[in-house]
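A.B. asks: The sequence and its predicted three-dimensional model are supplied below.
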Amino acid sequence: MASLTDRSLEATDRELLARLEHCECTYCRDGSLVRDQYKGNTAVICDQCGVPSVQLWDAE
């Protein structure tokens with residue numbers, strides 16, 4: 001499945017990702033959340049442990 005691009009995301013999805021970026025990881029407490037890919041999906045993941053906080057799937 002192809003990953004989502006910022007252009008194909010709804011405004012509310014983009015806002016959600018933006019709000020979570022740079023927050024503290026709640027799983028490891030050592031990392032910061034960054035926008036990246038997780039298993040081919042647009043996500044916000046921890047830059048230290050790699051655990052996703054949010055993952056968006058393409059509904060098509």
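C.D. replies: It's in.
A.B. asks: And the helices in the protein, which stretches?
C.D. replies: For the chain, applying DSSP state H gives helices covering 11-20.
A.B. asks: lowest-pLDDT helix or strand in it?
C.D. replies: Ranking every helix and strand in the chain by mean pLDDT, DSSP states H and E puts helix 11-20 at the bottom, with a mean of 90.
A.B. asks: With just CA atoms, put it into PDB.
C.D. replies: What follows is helix 11-20, C-alpha atoms only, in PDB (Å, rounded to 0.1, in the frame of the first residue of the first chain):
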ATOM      1  CA  ALA A  11      -6.500  19.400   6.900                       C
ATOM      2  CA  THR A  12      -7.500  17.800  10.200                       C
ATOM      3  CA  ASP A  13      -5.000  15.000   9.700                       C
ATOM      4  CA  ARG A  14      -2.200  17.500   8.900                       C
ATOM      5  CA  GLU A  15      -3.100  19.500  12.000                       C
ATOM      6  CA  LEU A  16      -3.000  16.400  14.200                       C
ATOM      7  CA  LEU A  17       0.400  15.500  13.000                       C
ATOM      8  CA  ALA A  18       1.700  19.000  13.400                       C
ATOM      9  CA  ARG A  19       0.400  19.200  17.000                       C
ATOM     10  CA  LEU A  20       2.200  16.000  18.000                       C
END
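A.B. asks: buried sites along it?
C.D. replies: If you call a residue buried by 16 or more other C-beta atoms under 10 Å, then helix 11-20 has these buried ones: 17, 20. C-beta coordinates here come from the backbone N, C-alpha and C atoms, glycine included.
A.B. asks: With stretch 45-60 instead?
C.D. replies: In stretch 45-60, counting by 16+ other C-beta under 10 Å, buried: 45, 46, 52, 53, 54, 56.
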